[in-house]
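S.K.: need a 3D model of the sequence below.
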Amino acid sequence: MSGYTCDRCVGLAVGDTVLRSVVIDLNKRQISALVEQPIDGHILNGGKIINPDLFKKTLRELIGKSKKKASCVSISLPEKYALTRELSFPNISDAEIEEAVKWQAKNIFPLPLDEMYLDWKVLPGEQDEKEIFVVALPKRLVDDLVSIVTSIGLRPVNIQTSATCLGRLLPSKGNKLQALVNLSDGGITSTLVKGRVTKLTATDEYAEGKDVSICALDTIQRLLNFYNAKNLDEFKLEHIWLTGVKADDEIKASLKKELNTKVDYLEGPIKLADKHKMLAFSEAISIGLSPIKPPASDQTINLIPKLVEKYYESSENVERIKHWERSVVGILSTGLLLAISSYLFLFFQARSLVANTPPELLATNQLGEIIVQEGADSTEVQLRKINMEVDKLLILSKLKTSPQQFLKVFPELSVNGITINSWRYIIDEKLILIDGVATSRDQLLKYQQKIEENDMFGVAIIPLENLERKNNFLFSIKVKLSE
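M.R.: Below you'll find the predicted structure:
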């Protein structure tokens, strides 16, 4: 996904009983389609998709209603299915944070590590330590979701929770405490945010027989009480931001009165004339506008499985290789034609010059070639220049062999954990230079061994400095082609 761009993206907000999607032109930041599709019964239940076929059918119909097609999809899931935690570590490297987060996750989350996808981001904080925000989702939910969207031809580029994607829309208020309240179809999600840092999140279903405004007030009060008990510093809730399909003026006025604080509707960078629609689709719009960053980025949360990302990266590399092959073949073919044309032109020009040179200035060398004797002035100089150019062209003509046959083999040599970023073919040295990223030293050595076992290649050389780090590093390999 690194370097991947998407001109038109589907922003998909998945609820328990409804799907909402927008198709966004990311270059113009305009919405070209906006569709809501309720589903009888539940889409999600207990952290899993309970009817994948119905989900797929509904999603295909929903996407089909858009006049302008999109190739990628960013997905937001209900917060209640997520596990979140804020952790503190010394000022360590990203690779060390990755290991530390996994170790902590075994103790702080109720699911086994192999049953969830984790991602984390670094929060603004002190220089001598790092505050890390960790989010996890059940693997079965994410895997089912990825399987469904890829089966209808969409590439998943972002998977986040509702609080994560909506939190980016909050205006910055320094270090002041704000609350984001999402009144969705299936329940209430309230999130406390201080500066740009998510502090606490609470989710509740609507209580039967209770007004939504009372349920929202109860959730916010519970969240504030818990935050107060955990923090010794004085705090004041500066602002409440309302969003979601059930948000309305009555709830807004009620919260303002009961909590004695400023309450406004959350507005994103793309505004809709219909206020109710804007609030209902805020999650889909927000996730659709989310920056497309790989899970490896420490600045965003993205719960796309890393294997899915690597699959698409490998596909992109194959396409780049094919494009490069076509370009190289075209360049070499053009170069060969030019060389032949130039050779013929110079050959006949030389014949013409010889024909116009007085016989007394011509001689035959030991090889039987007609040459110009010393003193032939301009004619001699011209012929010598022509001979030099012809020699150069003869050298170039020997390099007509295309690297296409060698490059076709490389995709077949792929190894998990190895991502190829670029290829260079040095023709006169019969050498291929490969640059990429390795997830581990062992995987890189496996890749080297696989190359050397192929009859088309000779030795594959990895500089020693490439092997200094154990995990997640850039590498370069020099591969000699077999004679």
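S.K.: so the nearest residue to Val18 once chain neighbours are set aside versus Asp94, what's the distance?
M.R.: Of all residues not flanking Val18 in the chain, Pro38 sits nearest, at 4.8 Å (CB to CB, 6 or more residues apart in numbering). Yep, even glycine has a C-beta here, placed from its N, CA and C like the rest. Taking CB to CB, to the nearest Å as the measure, Pro38 falls 42 Å from Asp94.
S.K.: cool, Ala105 as well?
M.R.: 16 Å.
S.K.: okay, now the residue nearest to Gly187 when sequence neighbours are not counted: neighbour count?
M.R.: Of all residues not flanking Gly187 in the chain, Glu205 sits nearest, at 4.3 Å (CB to CB, 6+ apart). Around Glu205 there are 11 other residues, counting by other CB atoms under 10 Å.
S.K.: do the same with the one 5 residues further on
M.R.: If you count neighbours by other CB under 10 Å, Lys210 ends up with 12.
S.K.: what does the one 5 residues further on give?
M.R.: Using other CB under 10 Å, the number of residues around Cys215 comes to 19.
S.K.: could I get the contacting residues of it?
M.R.: By CB atoms under 8 Å, 6 or more residues apart in numbering, Cys215 lies in contact with 188, 204, 206-207.
S.K.: again, only this time at 6 Å
M.R.: 188, 206-207 (CB atoms under 6 Å, 6 or more residues apart in numbering).
S.K.: and if you look at Gln37?
M.R.: Neighbour list for Gln37: 19, 58, 62 [criterion: CB under 6 Å, 6+ apart].
S.K.: in a strand, it, correct?
M.R.: Yes - assignment of Gln37 by DSSP: H, G, I helix; E, B strand; the rest coil places it within a strand.
S.K.: could you measure from it over to Asp53?
M.R.: 15 Å.
S.K.: repeat for Lys210
M.R.: 35 Å.
S.K.: let me see the domain layout of the protein.
M.R.: Domain assignment for the chain by automatic domain parsing gives 328-397, 403-481.
S.K.: extract the CA atoms of whichever helix or strand Ala284 is part of and return them as CSV.
M.R.: Remark: Ala284 resides in helix 282-288, with elements defined by DSSP states H and E. Only the C-alpha atoms of helix 282-288 are listed here, as CSV (Å, rounded to 0.1, in the frame of the first residue of the first chain):
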residue,chain,number,x,y,z
SER,A,282,-20.7,11.6,8.8
GLU,A,283,-19.0,8.3,9.6
ALA,A,284,-19.0,7.1,5.9
ILE,A,285,-17.7,10.5,4.7
SER,A,286,-15.0,10.6,7.4
ILE,A,287,-13.7,7.1,6.7
GLY,A,288,-13.8,7.8,2.9
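S.K.: so what does the host helix or strand of Thr203 touch, helix or strand wise?
M.R.: Following DSSP H and E, the helix or strand that holds Thr203 is strand 197-204. Judged by 3 or more CB pairs under 6 Å, 6 or more residues apart in numbering; DSSP states H and E, the packing partners of strand 197-204 are strand 188-194, helix 212-230.
S.K.: pLDDT of the longest one, averaged?
M.R.: If I follow you right, that is helix 212-230. What helix 212-230 shows for mean pLDDT is 87.
S.K.: helices of this structure, start to end?
M.R.: 52-64, 94-108, 139-151, 162-167, 212-230, 249-259, 275-280, 282-288, 306-355, 377-397, 404-407, 441-453 (DSSP state H).
S.K.: buried ones in the third one?
M.R.: In other words, helix 139-151. For helix 139-151, a neighbour-count test (16 or more other CB atoms under 10 Å) marks 139, 141-146, 148-149 as buried.
S.K.: ok, the residues you listed vs Thr261, which is closest?
M.R.: Leu141 (35.1 Å; CB to CB).
S.K.: more neighbours: which of Ala105 and Asp94?
M.R.: Ala105 (20 against 13).
S.K.: state the distance from that one to Ser151.
M.R.: 30 Å.
S.K.: equivalent analysis for Leu445, please.
M.R.: 36 Å.
S.K.: quick revisit: and the helix holding Ala284, what does it pack onto?
M.R.: Using 3+ CB pairs under 6 Å, 6+ apart: helix 282-288 touches strand 8-14, strand 18-25, strand 72-77, helix 162-167.
S.K.: can I get these in a markdown table including mean neighbour count and mean pLDDT?
M.R.: Below are the helices and strands packed on helix 282-288 laid out as a markdown table (neighbours: other CB atoms under 10 Å; pLDDT from 0 to 100):
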| stretch | mean neighbour count | mean pLDDT |
| --- | --- | --- |
| strand 8-14 | 26 | 88 |
| strand 18-25 | 23 | 88 |
| strand 72-77 | 26 | 90 |
| helix 162-167 | 27 | 87 |
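S.K.: so which of those is nearest Lys262?
M.R.: Judging those by CB to CB, what sits closest to Lys262 is helix 162-167, at 18.0 Å.
S.K.: send me that closest one as PDB with only the CA atoms.
M.R.: What follows is helix 162-167, C-alpha atoms only, in PDB (Å, rounded to 0.1, in the frame of the first residue of the first chain):
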ATOM      1  CA  SER A 162     -16.200   4.800  14.300                       C
ATOM      2  CA  ALA A 163     -14.500   6.800  17.100                       C
ATOM      3  CA  THR A 164     -11.100   6.700  15.400                       C
ATOM      4  CA  CYS A 165     -12.300   8.000  12.000                       C
ATOM      5  CA  LEU A 166     -14.800  10.600  13.500                       C
ATOM      6  CA  GLY A 167     -12.200  11.800  16.000                       C
END
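S.K.: what about Ser190, neighbour count?
M.R.: 25.
S.K.: check contacts around it.
M.R.: Each residue near Ser190 by CB under 6 Å, 6+ apart is listed here: 181, 202, 219-220, 223.
S.K.: closest to Ile477 out of those?
M.R.: The closest of the contacts of Ser190, once distances to Ile477 are taken by CB to CB, is Ala202, at 51.1 Å.
S.K.: pretty sure that closest one contacts Gln221?
M.R.: No - between Ala202 and Gln221 no contact is recorded; they are 10.1 Å apart, counting by CB atoms under 6 Å.
S.K.: same drill for those two, tell me which one is more crowded.
M.R.: Higher neighbour count among Ala202 and Gln221: Ala202, with 20 against 13, using other CB under 10 Å.
S.K.: how close does the residue lying closest to the more buried one once chain neighbours are set aside sit to Val181?
M.R.: Computed as CB to CB, 6+ apart, the closest residue to Ala202 that is not its neighbour in sequence is Leu223, at 4.6 Å. Per CB to CB, Leu223 is found 10 Å from Val181.
S.K.: also Leu77?
M.R.: Note on Leu77: its distance to Val181, by CB to CB, is 18 Å.
S.K.: and Lys478, by the same measure?
M.R.: Lys478 sits 58 Å away from Val181, going by CB to CB.
S.K.: again with Val193
M.R.: Per CB to CB, Val193 is found 11 Å from Val181.
S.K.: so the two - more neighbours on which side?
M.R.: Each of Val193 and Val181 has its neighbours counted (other CB under 10 Å); Val181 has more, 25 against 21.
S.K.: and Val181, what's its pLDDT?
M.R.: Per-residue pLDDT puts Val181 at 93.
S.K.: quick check: bridge partners of it?
M.R.: Applying DSSP bridges to Val181 yields these beta-bridge partners: Ser190, Leu242.
S.K.: from here on, count from 55
M.R.: Done: numbering now begins at 55, and the last item shifts to Val235.
S.K.: which ones are touching it?
M.R.: Taking CB under 6 Å, 6+ apart, one finds 244, 270, 296 in contact with Val235.
S.K.: just those residues now: which is nearest Leu66?
M.R.: Leu296 (22.2 Å).
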